[in-house]
Structures are given as C-alpha cells and as structure tokens.
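*Asks:* Show me how the following folds:
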Amino acid sequence: MELTARQKWWVLITAGLATFLPSTYNSILNTILPEIQHGLHSSLAASAWIMLMYLLVLTVLLLPVGRVSDLIGRRNLLVAGFLLFAGAAVFCAVSRDLVWVVVGRGIMGVGGAMLISVAPAVVTTVMPARERGRAMGFLGLLTYLGMAVGPVLGGTLTQLWGWPAVFLFAVPTGLVGVLLGIIVIPKSPKASGRVPLDTRGTLVYAVAAVAFTLAMNPSVLGRDKTVAIAVLVAVTVASIVGFILIERRQAKPLMCLNLFTIRTFSFGIIATVLNYSTFFIVTFLVPVYLSHQFRFSPAVVGLWMSGMSVVMAVVAPAAGAMYDRIGSRALSTVGMACGAVSLAVFTLVARQGNGEFLWLAVALLLNGFGTAVFAPPNNTSVLMSAPSKQQGMASGVLTTSRYFGMMCGIALGSTLFNAIIHSLPGSTASGYDDAFRGVMWTAAGIMAIGTVIAYGTRSERKDAASVTSSSRGG
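*Replies:* Numbers count the residues shown, from 1 in each chain. You can find the predicted model right below:
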C-alpha cells in the first residue's frame, strides 16, 4: 500500500527521532562526564566505561540486528528500541553506583542499535527512489542537530538539576517515538522462511570486540595488568582469525570479507575508524580538561562543545554536494589534514598563555570543519565502491566502523591520559596540561596517518566495476 505525502512525512519524522535520540546522548554524556565522574567518585578511566559500554554493545549489535528486523518486522523493532532506550535511561538516572550506570548504558546500547539500524531501512522502504536522497539527508541533518543540541542541553540540565536529569530527558522523547512508531510506521512484511543468522560469527566477533576494548582500557583489570593485557591481546587476535575463517565458510555471513579487497572500500573504512577515533578523543577529553583546568560550569562546557557540531551541521551538506563535482579523494584528504592541524592546535591551549581561549576556539571549529569535510564524501565513496547487491552489507560495515572508531578514541584517550598524568611529577594542574598535550600530539599523529590513507584511495566507480565483474566470473 502506497502512503500519502502526509503519511510519508510522519514516517520520516519518526525515523528522524530514532537517529536524533542516540546522537544527542552521545554528545550529552561526553560533555557532562566530568560531573558524573565527580558525583560517583570515580576515576577518569573508570568513568569512561559509561561511554565505552554503550559503544561496545552498539558496535557488536549493529550488524546482526538488521537481520533480526527481517524476522520480527521493522516497526516492532523500532518501537522496542524506543522503549528499551527510555527504560534504560531511567535505570541510569536512579543509579548511584558506577557499575549500575554502566550496566544501564549497556542496555541503552541495545536500544540504540535497534534505532540506528532500523531507521534508515524504514525510510528506504517507505520512500520512492526519487525521494530517498532527500530523506536520508534529513536523517543526517537530525544526527548533526542532536550532536549540536546535546552539549548545551546536557550542560543546562546538569547545572539546574544534576546529571540524573539528563537521563530522564529520554523518557518523554522515547515515549513520543513509541506512539509515533505504533501509529505511523506501516507493518513491514516479515521474511518468508528462515532468515539465517550468523550466530557463530556474531559470538566470535563479540568476543574480539570485548577483549580488544578491555585491553585498550584496563582500568577494571586486577593488579597484574601486564599478564591480563597479554591474555586479552591473544584472545583478540585468535578471535579475529577465527572470525575470518568462519565468515569465509558462511553462505550468509555477518560481514562479507570480499568487500575489503576493494581498495576504496578498505581504505575508506580504515580512514573512518581513524577519523572518528580522534574526533571522540576530542569530544571525550576536552570537556574533562575544560571542567578541571578552567573550572567551567557544565552549561559553559556545553556551549564550547556545541560550536564544533554547529560547524559540522553547516559544512557537511556542502561537502556532500561538492562530492558530485570533484569526488571524494581531495575532500577526504583535506578533511583529515584539517583534523590533524586542529589536534596540534589543541596543544597550544594547555600552555596557559593569554591566547588560550582563542586557540581553543580555533581548534574546536577546525576539528568540526575537518570531520564535516571528510565524512560525507568518504561515506558516499565507500558505499559506491561496493557492488549493488552488497550495499546493505557495506552500509552496516561503515556504520560499525564509525562506532568502533568512537570506542577506540575513548579507550585510547582515557588510558593514555591517565598513564601520562600518573607518570609525571609535579602539581595536578601541570600534570593535566602535560597529559592533555601528550594525548593531542598522539591523536595528531594518528590523523596524519589517516591523511595519507585518504589520499591513497582510488576511483570508487572503477573499483566497484572490477569487483562486480570478478564476482560474475565466479
């Protein structure tokens, strides 16, 4: 049954809300994490698990949850996602122990995976081909809008009523999503017959992700961290090898490894991980630094961080339009290079000079500009490089790589910051400056490598054609 224009608009609003809610909470919690850390009397590395647990669950579930939506229907999964996200937020709000907040965030990750995976599929199912581009652009706009609104909203709510109030914001938003999902989303036909789920691949993939995250952020390990990290690294490597062997034998794999033989695809995925890793080092560590060193209130921290997201919301559509004219290579390379420069500029903030606020503004705005110039062309290039029959798989891998990058950024940033600050003598203030500079220089190096990788991409049309012809040949 074809929907009317008004019905399609309401479906688009509902799907937009499903992308707005998770992106808002990503930026909110990055901003107010220092307040939660102080309220729960935890260390920076331990409180990082409030973000890490959510991203870890999301990264593990994004690929398989799309298959589940074919079994139970997309509307049902979207409604369940809104309910789970809101319910878990209430659980976090009433928790007064770090462990339980982390558990709640893990449950929020399950709900977030449902929302993020299903929303684009709902749009592409309902919208005709001629309207899908604008519809997906609307979802992207709401994602950036959530990132821009989140810091200000989170900072204001925290300053007025404390950090638990931030989680309660998800309740009315989630309930509106539930009602809209039930009323306006049409029932999607369930898959006929049995939809194969790559259970073994999913489990091994989950083991690799958990082991890697623990190895990157060993704050929860026992006293003998060296042995524990060595074991976790071994488990990670063994799981990755096992995952590759399993996926090669699967008729319907969780991840099609042949996609990584496409140079534009593989380089674009690596560049995505590196870009989002450094971006989340900034969004995670800068609020901590501003709160500790400059004694900024949560509302002021939110205002500083929102500027970066506003730049992204303005620049990203223009970068996407320029892709149609000049392709992705130049734009992606320039975006990565701007990100590397911005991270170097951040090191000037910690010198306590008269121009520190000027350098802070320049670094934040340049970082947002670089990410916005890089992401849309690179995303489009990665998707275009995949054969048409594997577009869904390519989209899932791309989305997973973004969240994997976020997870790596928080783990690397928190672990390296704590390692540096505990290895240096001197006052707490100077230790914070030295640790901040050390992390930012490391991130700048990562982005420099990413710039080289972005420059090394090829024409996506050539790669896609070659893979398609090779797949036809057997």
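
*Asks:* how far does stretch 169-179 sit from the chain's center?
*Replies:* 22 Å (Cα atoms, centre = their mean, to the nearest Å).

*Asks:* Skipping its backbone neighbours, what lies nearest the spatially most central residue of the chain in space?
*Replies:* Nearest to the geometric centre of the chain sits residue 403, at 3.5 Å (Cα atoms, centre = their mean). The shortest distance from residue 403 to any non-neighbouring residue, by Cβ to Cβ, 6 or more residues apart in numbering, is to residue 59 (4.6 Å). Any C-beta I mention is one placed from the backbone N, CA and C, and that applies to glycine too.

*Asks:* From the contact counts, what lies against the helix or strand residue 324 falls within?
*Replies:* For residue 324, the host element (DSSP states H and E) is helix 298-326. With contacts defined as 3 or more Cβ pairs under 8 Å, 6 or more residues apart in numbering; DSSP states H and E, helix 298-326 has these neighbours: helix 5-40, helix 129-161, helix 263-293, helix 329-349, helix 356-385.

*Asks:* Output those in CSV; the columns should cover mean neighbour count, mean pLDDT and distance to residue 110.
*Replies:* Formatted as CSV, these follow (neighbours: other Cβ atoms under 10 Å; pLDDT from 0 to 100; distance: least, Cβ to Cβ, whole Å):
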stretch, mean neighbour count, mean pLDDT, distance to residue 110
helix 5-40, 22, 86, 11
helix 129-161, 19, 79, 19
helix 263-293, 24, 90, 20
helix 329-349, 23, 92, 31
helix 356-385, 23, 88, 25
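
*Asks:* Quick one: closest of those helices to residue 453.
*Replies:* helix 263-293 (5.0 Å; Cβ to Cβ).

*Asks:* ok and the closest one relative to helix 329-349, angle-wise?
*Replies:* 20 degrees (axes from the mean of the first three to the mean of the last three Cα atoms, to 10 degrees).

*Asks:* Distance check, residue 253 against residue 200.
*Replies:* 10 Å (Cβ to Cβ, to the nearest Å).

*Asks:* same check, this time on residue 95
*Replies:* 34 Å.

*Asks:* and the residue nearest to residue 447 when sequence neighbours are not counted, what is it in contact with?
*Replies:* Leaving aside its sequence neighbours, residue 447 sits nearest to residue 340 (Cβ to Cβ, 6+ apart; 3.7 Å). By Cβ atoms under 8 Å, 6 or more residues apart in numbering, the residues touching residue 340 are 370, 444, 447-448, 450-451.

*Asks:* Buried ones among those residues?
*Replies:* Taking 16 or more other Cβ atoms under 10 Å as the criterion, what is buried in those is 370, 444, 447-448, 450-451.

*Asks:* next SSE after the helix or strand encompassing the residue nearest to the centre of the chain?
*Replies:* Following DSSP H and E, one finds residue 403 within helix 391-423. Under the assignment DSSP H and E, the closest C-terminal helix or strand after helix 391-423 is helix 428-455.

*Asks:* Quick one: mean pLDDT for that following helix?
*Replies:* Helix 428-455 comes out with an average pLDDT of 89.

*Asks:* now for that helix, which elements pack on it?
*Replies:* helix 263-293, helix 329-349, helix 391-423.

*Asks:* Can you lay out the ones you listed as TSV showing distance to residue 301?
*Replies:* Shown next, in TSV, are those (distance: least, Cβ to Cβ, whole Å):
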stretch	distance to residue 301
helix 263-293	5
helix 329-349	14
helix 391-423	16
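
*Asks:* Which one, of the ones you listed, ends up nearest to residue 317?
*Replies:* Nearest of the helices and strands packed on helix 428-455 (Cβ to Cβ): helix 329-349, 12.9 Å.

*Asks:* Can you give the distance from that closest one to the centre of its chain?
*Replies:* 19 Å.

*Asks:* Now the one helix or strand residue 91 maps to: buried residues?
*Replies:* Using DSSP H and E, residue 91 maps to helix 74-94. For helix 74-94, a neighbour-count test (16+ other Cβ under 10 Å) marks 74-93 as buried.

*Asks:* State the distance from residue 57 to residue 48.
*Replies:* 15 Å.
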